[in-house]
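Novice: Fold the following and give me the result.
(chains A and B, ligands or ions: 1)
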Amino acid sequence: MKAAPFDHHAPETVAEAAALLAEFGDEAKVLAGGQSLLPLLSLRLTRFEHLVDVHRVVELHGITRTDDALRIGAATLQAEAEHDAVVAGAVPLLARALPHIGHFQIRNRGTVGGSLAHADPASELPTVALTLGATFEAASVRGTREIAADDFFTGTWSTALAEDEILVGTRFPVWAGRTGYGFAEVARRHGDFALAGVAAAVALDADDRITRVAVGMLGVGATPVRVGAAEAALVGTVPDGAALAEAARAGMAALDPADDLHATAAYRRRVGAHLMETALGAAIEEARRG
Amino acid sequence: MSAPAAGRYVGQAIQRKEDPRLLTGHGRYVDDIVVPRMLHAAFVRSDLPSARITAIDVSAALGLEGVSAVFTGADLNPGAGTMQPSMMAENPAAVVAPLTPLAADDVRFVGDPVAIVIAESRALAEDAAELVVVDYEPRDAVASMEAALADGAPLVHPELGGNVASDLALPEDPELEAIFASAAHVVTERLVQHRHTPTPMETRGVVASFDPVTDQLEVWLSTQGPHEARRTFARVSGLPEGHVHVRMGDVGGGFGQKFFTPREEQTVVLAAKRLGAPVKWIEDRRENLLAANHARSDVATVSLALDADGHVLAAKLDHLEEAGAWPVGGTGGVGPFVAMLFPGPYRIPRIWWRSRVVWTNTAGRGAYRGPWMFESVAREQMLDVAARATGIDPLELRRRNVVGDDEQPYTMATGMTFSATTSATTLEHAARVIGYDDFRAEQARARAEGRLLGLGIGLYIEPTSTPAATLGVEAATVRVESGGGVTVFLGTAAHGQSIETTMAQVVAEHLGVAYEDVRVVQGDTDRTPFGGGTGGSRTAVIAGNASREAALKVREMVVGVAAHLLEAAPEDLEVHDGVVSVRGTPVRNVSLAAVAAAVHNAGTGLPPDVPRLLEATGRYQTSSPTWSNACHICTVEVDRITGQVEILRYVVSEDCGRMLNPMVVEGQVHGGVVQGIGGVLYEHFVYDEAGNPLTTTFLDYLLPTAAESPRIEIDHVVTDGPNPEGVKGMGEGGAIGSVPAVVNAVADALAQVGATVTEQPITPVRVVEALEAVGA
Ligand SMILES: Cc1cc2nc3c(=O)[nH]c(=O)nc-3n(C[C@H](O)[C@H](O)[C@H](O)COP(=O)(O)OP(=O)(O)OC[C@H]3O[C@@H](n4cnc5c(N)ncnc54)[C@H](O)[C@@H]3O)c2cc1C
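Specialist: Reported below is the predicted structural model:
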């Protein structure tokens, strides 16, 4: 389990990093925390001649808040985001999802941008980004562009980022008003990738009617998924327990989870519906208190 | 039953001598060995479960700069001696698969080593290994016992003419059939224990160096038995035993996987010998999961006949054990032990059994902490099945059938005789500690709220220190050094058992010196007496009593010299913490250092007939197993929606005789219990139907972590073991009792809604499927 030989590049600016990616084309890959990339290299499941390590690129680090968005630099450690009061205040869903990523040792190395760019369908952060409709900022020698979350996750471990593009940062919308959030997942062991998980956000009017709802799931498809059927069933209503259960059932029915080594599709449906009910229930409960 | 008193050192929870270096990250493992000019090896392994090799092209690999050699079977197999462990190599009747250093004509499981590449670094060796081109003609494989036993199944080992390695059975028994025909209750189940693998934290590893001038082979090895390794290396290489020197440093676990000397280590030795350069091979995790010996994988159909009061009248056991392609050691055939031990601590007056061992195109089976433990899994599960069928509470059913502490020696219907065990006592203790009746009330309350709690019991007796082949004897040499310090030389091979600590305690106790002044040396065939290796729960009993005897002999020598120095009669002297004094007149004393100085210097005025030696070897031999026993009880909650199992409480009541060090005993219990929990709930090595392994990283092969480990409450029942030191073996037990306890607890929870599980692992999916099958 030794990686095939590669050259390690340590640029200090986005421009330098982008130039390296442009120069080496498909022989180069961005290295962030290495928590996903290094195992793949060591098992020789993938190989690159050049690794462009973005750790020293200062521009990629940091968390900033504007009125309606929270921006997290791509190379910001998951652990930093997890323990950041600004994150918890602005986008509580992120703060709830982050502790479910692996173990603290992983989060001390893994980056927010690395998780998003790696785009594992059972990952927490891509699901939160998709659920809240985050915006991705990409840079290359060709310039910068923004990618909407709906367009970003194109398949298992694949995104809309081009080979020569670096993810620079991600902007998560800040929801205003009476809002609440829920995150729930089931994994085989503490710290494992989820068999299924749900991120939910709701906003209520003064009469507890749901004015806005977003539900996303991990572990039940080739990418993180939005559960439109559940959202449609709930928006504009003041749901009771039965209505929540029905929305979760309808939401799950529209999805097509797969079998793998650790769970069957049927198991994911059963547990997924339950998690959706739990996460939505918690979100509504929190919004009602607020 | 009065508990024997603890000594000054023996029986005390003394801090471990190993810990300062291990806990600060300063252990020295085989990968820490660096030898001048050392090269590194990587194996090219088959990625097909069964195939004929039509060509191997090593030219591209050899062409890579920094590559010293690429050997195939054609290079290393001719002239290689048998690769079997001594107990098989020396037994002409043993059925063994035709193992060679490297696969030459065909491959028989995914992971079969086809070539060994030797290069300047491991990374380079892996680069070169990728360049070795092997052409295969694929064949159909059998990846399960079911497939292997089917009519017309492809043969794993065509030379052997069939896929059944052994088939032993008692003759048909009409009387037993009559008992079954007239019994008030008969229960039958098919029980499955799945394949898992020992996964020591330190993978396997070896450094081998051969000097062609002196014909001397030096080997550093991660092992449980350097002396067995030496014999194995001598056989395979053709060198005389005296030309093979094996050493080990710290070893990060073995659990049976390193008890014998595996194929890859032997192949590396042959490669180093041929090359005349030192070669290091450190197994990586993927190789360890893929190709180091696997464990478990048993299936049995079991029937019990009981009378109306729940007394077991007879049992039938039809057992299948999966050997894989290249089982390691005698453990590819533990089947008969499973059958022989099946009655366990209960009166089961009549039994019939059949035991078959089946080859498959999978990684070979080997020893794993309690290799035969399926007997306890099968028996304890069946007792719970019987309890439900008869309507008798499972604790009560066990009470009615357990052999009383005072009814021993007791001979099982299978012919095994056990004695001096306390199963009945530990059953009661464990039930008391868990609060059995209170739990049953709580379970009923939870059930009323729709929650599923369960309780499981695992009661077992364990034959420890079983004297098979070279395993019945052990020697210890104790030496007082010239300055008065004490060194103990043992043939043991600690890899997590705290032997440096416990054997120092024994020697300090019986020699009369301070624990701090005793140092234990093991793991070096040139320095230590022969030993069978550490495993089989044999160190405390066999090495412990050998150490005791050696210490007592040396004490007598010390006293003899001191008697002259103090001008006192030997029988008036006592030895305490390194000082010999006249009983009743402690001011008349001499230190051990002074005794040692007198012995080592001529002209100290000792009479000529005083032996100038403070060194002796003790030997302990056992002719029958030493039985230990324990009762495990755990309680669980099963989540009705997710199928996840949470362990609520875990209690062990155990009797390992006199404890040398209670802290060490508890550590062994903890480790074993967690392995058992891991086995039942998480660990599963999976092959697909074609024979492709699916769980070759820790992403998919799930080990229990601290987060999955419950607090373990331990109750000690201390009785005197049947040997001078009063000990009984206990290293494996935790991994035996925990499996039935956890399985039974989940089954108990599910039974409340009519659901059943008889197959492990008990995954969330399996639990949910069991619930859904009964509409719960
Ligand atoms: C034991 C273990 C458990 C884990 N459990 C979980 C879990 O439960 N949930 C979970 O979500 N994750 C889990 N992970 C994965 C972890 O979160 C990773 O840290 C994350 O997926 C990748 O982040 P990284 O910074 O380590 O990226 P790297 O591994 O360095 O890179 C991952 C991929 O992203 C690309 N990349 C990284 N940064 C950029 C960038 N700025 N621009 C463009 N491309 C980029 C890389 O090129 C690579 O393809 C686990 C990992 C381990 C080892």
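
Novice: Would you enumerate the residues in contact with B:Val717?
Specialist: Neighbouring residues of B:Val717 by C-beta atoms under 8 Å, 6 or more residues apart in numbering or on different chains: B:Thr422, B:Thr425, B:Thr426, B:His429, B:Ser653, B:Glu654, B:Asp655. The way it works is simple: take the backbone N, C-alpha and C, and place the C-beta from them, glycine included.

Novice: Kindly indicate which of those residues lies nearest B:Arg354.
Specialist: When the contacts of B:Val717 are compared for distance to B:Arg354 (C-beta to C-beta), B:Thr426 wins out at 31.1 Å.

Novice: List the contacts of the closest one.
Specialist: Contact analysis of B:Thr426 by C-beta under 8 Å, 6+ apart lists B:Leu459, B:Asn629, B:Ala630, B:Cys631, B:Ser653, B:Glu654, B:Asp655, B:Asp715, B:Val717.

Novice: Next, count neighbours for the fifth one.
Specialist: For B:Ser653, the tally of surrounding residues (other C-beta atoms under 10 Å in any protein chain shown) stands at 28.

Novice: Would you confirm that it contacts B:Ile434?
Specialist: No. Contact criterion C-beta atoms under 8 Å: B:Ser653 and B:Ile434 do not qualify, at 9.5 Å.

Novice: What is the strand or helix carrying B:Thr232 packed up against?
Specialist: Remark: B:Thr232 resides in helix B:226-237, with elements defined by DSSP states H and E. Helices and strands touching helix B:226-237, by 3 or more C-beta pairs under 8 Å, 6 or more residues apart in numbering or on different chains; DSSP states H and E, are helix B:86-89, strand B:216-221, strand B:244-247, helix B:263-275.

Novice: Can you list the buried residues in it?
Specialist: Buried positions in helix B:226-237, judged by neighbour count with 16 or more other C-beta atoms under 10 Å in any protein chain shown: B:Pro226, B:His227, B:Glu228, B:Ala229, B:Arg230, B:Arg231, B:Thr232, B:Phe233, B:Ala234, B:Arg235, B:Val236, B:Ser237.

Novice: Over to stretch B:376-395?
Specialist: B:376-387, B:390, B:392, B:394-395.

Novice: Get me the contact residues on the stretch 151-300 of chain B for chain A.
Specialist: By C-beta under 8 Å from any C-beta of the partner chain, the residues of the stretch 151-300 of chain B that approach chain A are B:Asp284, B:Arg285, B:Arg286.

Novice: What is the neighbour count of the residue nearest to the last one when sequence neighbours are not counted?
Specialist: When you say that, I think you mean B:Arg286. In space, and not counting its chain neighbours, B:Arg286 is closest to B:Thr696: 5.2 Å by C-beta to C-beta, 6 or more residues apart in numbering or on different chains. Residues lying near B:Thr696 (other C-beta under 10 Å) number 21.

Novice: residue contacts, B:Thr696?
Specialist: B:Thr696 sits next to B:Arg286, B:Leu289, B:Leu290 when contact means C-beta under 8 Å, 6+ apart.

Novice: just to revisit the earlier point, any chance of the buried residues of helix B:226-237 in JSON lines, with distance to B:Ala271 and pLDDT too?
Specialist: Below are these laid out as JSON lines (distance: C-beta to C-beta, whole Å; pLDDT from 0 to 100):
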{"residue": "B:Pro226", "distance to B:Ala271": "20", "pLDDT": "98"}
{"residue": "B:His227", "distance to B:Ala271": "23", "pLDDT": "98"}
{"residue": "B:Glu228", "distance to B:Ala271": "21", "pLDDT": "97"}
{"residue": "B:Ala229", "distance to B:Ala271": "16", "pLDDT": "98"}
{"residue": "B:Arg230", "distance to B:Ala271": "18", "pLDDT": "98"}
{"residue": "B:Arg231", "distance to B:Ala271": "20", "pLDDT": "98"}
{"residue": "B:Thr232", "distance to B:Ala271": "15", "pLDDT": "98"}
{"residue": "B:Phe233", "distance to B:Ala271": "12", "pLDDT": "98"}
{"residue": "B:Ala234", "distance to B:Ala271": "17", "pLDDT": "98"}
{"residue": "B:Arg235", "distance to B:Ala271": "16", "pLDDT": "98"}
{"residue": "B:Val236", "distance to B:Ala271": "12", "pLDDT": "98"}
{"residue": "B:Ser237", "distance to B:Ala271": "11", "pLDDT": "98"}
